[in-house]
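**Student:** what would the 3D arrangement of this be:
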Amino acid sequence: MIGVFDSGHGGLTVLSALVARLPERSFLYLGDHGHAPYGERGVAEIHDLTLANVERLFHEGCRLVLLACNTAAAVALRRLQQEWLPGAHPERRVLGVFVPMVEAVTEVPWQAQEPPPGARRAPAVVGVFATRRTVASGAYAREIALRAPAIRVVQQACPGLVKRIEAGAAPEVLAAMIAGHVAALMERLDGRAPDSVILGCTHYPLVAQAFAAALPAGVPVHSQPALVAESLAAYLARHPEFDVAPGPRARTRFLTTGNPETVGALAARFFGTPPIFQAA
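**Tutor:** Purely as a prediction, here's the structure:
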């Protein structure tokens, strides 16, 4: 199976796109609902929690794990890839969700650690809405600047939004919160509309329409699930040694560190059908 990890429900939006794009593959989803949300936790704690959950997915037989959590990917992914995997699990891989987004915004492949020779990119402003910890990591700003220095990245933390989404808050409550975050970003831009915005949290696709409604008309809103699904399909084509051979008995399993019944009751909003969670 291919492992998919998130701190809570948000990664189910990515998993839904993965299942649609790769229907013959089997997936194992692990939500760390017992420690969600990650966005307000410290760097060391996020790293340790992420490592422990990746280990759990490896133990279940996954050779490839996708961190479907921007906070975990922004804070822990590089360290896991560079310091932990080579010694602990050199035959396995961990990927993150913000790589496809950076590629889409910059139009530069991830492998290019600097702008391609002769590249010309018109100046642009990209807004990033994310958790407090993702914003503090500077991951989006750093990786975009490496590949497209002409793009100015303006970040806006959205504290409390993930928790409200997970709790099933009323649409008008979520819309009011989002409008406040959009207004804060616009104020820092002196009222100028950004050229596009990134929804840098896998929970936010559920409220993408509220972001679009609060932004000036016509501002493109980049959301992750479809981008991530296409990116993973391309990765598996390039690296068949990390693929799981498709077969007629593909299935998707769901694990949680929280209460399976409580988690499952809300999960249908994120996945589209009611998934049955088991205790991790």
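**Student:** Gln278 - that's part of a strand, no?
**Tutor:** Yes. Gln278: assigned to a strand according to DSSP: H, G, I helix; E, B strand; the rest coil.
**Student:** check what pLDDT it gets.
**Tutor:** On the pLDDT scale, Gln278 is placed at 97.
**Student:** count of residues packed around it?
**Tutor:** 10 (other C-beta atoms under 10 Å). In short, each C-beta sits where N, CA and C put it, glycine included.
**Student:** what about it, distance to Asn259?
**Tutor:** 11 Å (C-beta to C-beta, to the nearest Å).
**Student:** next: Gln224.
**Tutor:** Applying C-beta to C-beta to Gln224 and Asn259 gives a distance of 27 Å.
**Student:** more neighbours, those two?
**Tutor:** With neighbours defined as other C-beta under 10 Å, Gln224 and Asn259 compare such that Gln224 has more, 27 against 13.
**Student:** correct me, but that one touches Ser16?
**Tutor:** No. With contact defined as C-beta atoms under 8 Å, Gln224 does not count as touching Ser16 (11.6 Å).
**Student:** could you chop the protein up by domain?
**Tutor:** Here the domain parsing of the chain from automatic domain parsing is 2-96+225-279, 100-222.
**Student:** which parts of stretch 144-163 are buried?
**Tutor:** Neighbour counts using 16 or more other C-beta atoms under 10 Å place 144-148, 151-153, 155-158, 160-162 of stretch 144-163 among the buried residues.
**Student:** among those residues, which are in strands?
**Tutor:** Ile151, Arg152, Val153, Gln155, Gln156, Ala157 (DSSP state E).
**Student:** in this protein, what spans have low per-residue confidence?
**Tutor:** The chain contains residues with pLDDT under 70 at 113, 118-120, 245-248.
**Student:** if you set the cut-off to 80 instead, what comes out?
**Tutor:** 111-122, 244-249 (pLDDT under 80).
**Student:** any idea where the strands of it begin and end?
**Tutor:** Using DSSP E, the strands of the chain run over 2-6, 27-31, 64-67, 93-96, 124-130, 151-157, 196-199, 221-222, 252-256, 277-279.
**Student:** how many neighbours does the closest residue to Ala214 other than its chain neighbours have?
**Tutor:** Leaving aside its chain neighbours, Ala214 sits nearest to Val182 (4.0 Å; criterion: C-beta to C-beta, 6 or more residues apart in numbering). By other C-beta under 10 Å, the residues close to Val182 number 24.
**Student:** could you double-check that Val182 lies in contact with Ala210?
**Tutor:** No. Under the criterion of C-beta under 8 Å, Val182 is not in contact with Ala210, lying 9.1 Å apart.
**Student:** so where do the helices sit in the stretch 101-250 of the chain?
**Tutor:** In the stretch 101-250 of the chain, the helices defined using DSSP state H, counting those that start in this stretch lie at 132-137, 139-147, 161-166, 171-188, 208-214, 225-238.
**Student:** pipe those helices into TSV and attach distance to Arg25 per row.
**Tutor:** Shown next, in TSV, are these (distance: least, C-beta to C-beta, whole Å):
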stretch	distance to Arg25
helix 132-137	27
helix 139-147	27
helix 161-166	27
helix 171-188	32
helix 208-214	26
helix 225-238	8
